[in-house]
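K.L.:
need a 3D model of the following:
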Amino acid sequence: MKTAQLGSTRIANSNTDPTNQKGSTISLFPWFGTFERLLCFALMLLSWMPMEAAKAGGGGHSSSAPTAPINLSATPMSSSEIDLAWQDTAGANAQGYGVQMASSSAGPWTTLAKVANPSLASYASTGLSAGTLCYFRVFAYNRNGTTYSSATSATTLAGSVCTYSLSSPSASFGSGGGNGTFSVNTTAGCAWTITGIPSWISGLPTSGTGSAALSYTVAANTSSSSLSATLSVSGQTYTVTEAASSSCTATVTTSSSGGGTSSGGGTVNCGTSVTISASPSAGYSFVNWTLNGALFSSSQTYTFTANGSGNLVANFAANPCTYSLSA
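P.N.:
Numbering: from 1, shown residues only. Down below sits the predicted model:
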């Protein structure tokens with residue numbers, strides 16, 4: 001039996017001479033010489049090298065995951081933005097970086113973005129809430145794995161805080177009243193309110209927005225007592241005082257609802273004592289004194305200090321009838 005080989009190949013020949021046991025060698029490709037064999041080997045070697053490089057990670061990269069970013073910093077820039085920066089340690093072995101955020105250092109983590117360019121080692125996280133503590137970490141990745149930096153945190157700046165001040169803390173007026181002004185000073189868009197406005201002060205709004213110059217009117221004080229009111233303007237106080245009238249007079253008149261007569265009163269200086277008296281007619285009894293329909297006193301004769309004018313009415317009621325029989 002004769003064997004076959006590539007190029008110059010031994011081939012089994014069934015028609016051989018039984019006395020001749022030497023195999024004959026023939027060439028499958030008579031033109032396949034030494035040069036052709038070397039060329040074929042070179043081509044096979046060139047095709048094998050890229051395959052081995054791909055197994056090692058491809059593209060000249062390492063076959064391992066990239067090293068984690070370091071020195072991650074977070075800087076609050078405003079009430080809605082925190083800027084991040086880190087140091088690249090992976091170089092060309094990183095396909096890119098990703099940024100994650102959480103509300104605590106333990107997570108859960110939410111991926112905000114991926115930075116496809118490994119040379120960019122910064123990111124601006126925007127759209128955050130004012131005064132909010134945020135945790136961040138950065139990861140490097142390639143097709144062999146992902147590595148994470150240590151977490152860091154920062155708090156966004158507080159939002160715009162409204163503060164208030166008044167141009168003056170108080171104002172004083174004589175008994176005749178008058179007009180007054182003061183200003184509310186605050187940041188544009190900040191709302192304010194005014195409470196504690198008495199009936200003898202008019203013209204002030206109860207609320208507003210931003211800085212404003214306010215005007216008001218104080219009515220005349222006809223009583224013998226001074227007046228004072230403290231207004232609250234979004235936590236700031238403004239006090240208005242008015243002197244008592246020095247020429248106050250009080251006119252007190254009496255009248256009867258029927259069933260009797262009344263006396264006393266007159267025109268007097270404010271602060272003066274006035275005595276009034278009621279006398280029921282026969283068959284009637286005194287009930288009370290009323291001022292503008294409201295109970296003033298239940299005493300038939302009553303002394304008080306006059307601080308204003310008014311008409312006091314003496315009220316009487318008829319006595320019930322009684323009957324008796326005699327034999």
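K.L.:
now Thr206. Nearest residue, chain neighbours left out?
P.N.:
Spatially, and ignoring its direct neighbours in sequence, Thr206 is nearest to Ile194 (5.5 Å; CB to CB, 6 or more residues apart in numbering). Placement of C-beta: from N, CA and C, glycine included.
K.L.:
and the host helix or strand of the one you found, what does it pack against?
P.N.:
According to DSSP states H and E, Ile194 maps onto strand 191-195. For strand 191-195, the elements it packs on are strand 207-209, strand 227-233, judged by 3 or more CB pairs under 8 Å, 6 or more residues apart in numbering; DSSP states H and E.
K.L.:
check which helices and strands the shortest one is in contact with.
P.N.:
Pointing back at strand 207-209 there. So strand 207-209, by 3+ CB pairs under 8 Å, 6+ apart, packs with strand 191-195.
K.L.:
partners of the strand it packs on, with directions?
P.N.:
Sheet pairing for strand 191-195, assigned by DSSP bridges, gives strand 207-209 (antiparallel), strand 227-233 (antiparallel).
K.L.:
re earlier: pull out the buried residues from the strand holding Ile194.
P.N.:
The neighbour-count check on strand 191-195 (16 or more other CB atoms under 10 Å) flags 192, 194 as buried.
K.L.:
cool, and stretch 310-327?
P.N.:
So for stretch 310-327, counting by 16+ other CB under 10 Å, buried means 312-316.
K.L.:
and stretch 109-124, by the same measure?
P.N.:
For stretch 109-124, burial by neighbour count (16+ other CB under 10 Å) applies to 109, 115, 118, 121, 123.
K.L.:
out of the residues you listed, flag the one nearest to Thr237.
P.N.:
Checking the buried residues of stretch 109-124 against Thr237 with CB to CB, the nearest one is Tyr123 at 48.7 Å.
K.L.:
quick check, pLDDT for that closest one.
P.N.:
Predicted confidence (pLDDT) at Tyr123: the value is 90.
K.L.:
kindly indicate whether it is helix, strand or coil.
P.N.:
strand (DSSP: H, G, I helix; E, B strand; the rest coil).
K.L.:
same deal with Ser183?
P.N.:
strand.
K.L.:
contacting residues for it?
P.N.:
When contacts are counted by CB atoms under 8 Å, 6 or more residues apart in numbering, Ser183 touches 166-167, 211-214.
K.L.:
try it again at 10 Å.
P.N.:
For Ser183, the contacting residues are 165-168, 211-214, by CB atoms under 10 Å, 6 or more residues apart in numbering.
K.L.:
that older thread, sort out for me which of the buried residues of stretch 310-327 are in strands.
P.N.:
Mapping these onto strands (DSSP state E) picks out 312-316.
K.L.:
name the residues linked to the residue nearest to Thr206 by a beta bridge.
P.N.:
Taking DSSP bridges as the rule, Ile194 bridges to Val233.
K.L.:
quick check: pLDDT value at it.
P.N.:
pLDDT, Ile194: 96.
K.L.:
what segments of this structure are helices?
P.N.:
Per DSSP state H, the chain carries helices over the ranges 34-55.
K.L.:
can you list contacts of the strand holding Ile194?
P.N.:
162, 164, 184-186, 204-212, 214, 216, 230-236, 238.
K.L.:
give me the buried subset of these.
P.N.:
Applying 16+ other CB under 10 Å to the contacts of strand 191-195 flags 184, 186, 204, 208, 211, 214, 216, 231, 233-234, 236, 238 as buried.
K.L.:
which two from the residues you listed end up farthest apart in space?
P.N.:
Longest span within the buried ones among the contacts of strand 191-195, CB to CB: Thr186 and Tyr216, 18.8 Å.
K.L.:
picking up where we left off before, could you export the strands paired with strand 191-195 as CSV, including mean pLDDT?
P.N.:
Formatted as CSV, the strands paired with strand 191-195 follow (pLDDT from 0 to 100):
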stretch, mean pLDDT
strand 207-209, 93
strand 227-233, 95
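K.L.:
export those to TSV and tack on distance to Ser80?
P.N.:
Below are those laid out as TSV (distance: least, CB to CB, whole Å):
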stretch	distance to Ser80
strand 207-209	23
strand 227-233	31
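K.L.:
so which of those strands comes closest to Leu128?
P.N.:
For these, the distance to Leu128 is smallest for strand 207-209, at 26.4 Å, taking CB to CB.
K.L.:
any idea what Thr209 is bridged to?
P.N.:
Beta-bridge partners for Thr209, by DSSP bridges, are Ala191.
K.L.:
identify the residue nearest Thr239 in space, chain neighbours excluded?
P.N.:
Nearest non-adjacent residue to Thr239 (CB to CB, 6+ apart): Ser170, at 4.2 Å.
K.L.:
and that neighbour, how many neighbours?
P.N.:
For Ser170, the neighbour count with other CB atoms under 10 Å is 15.
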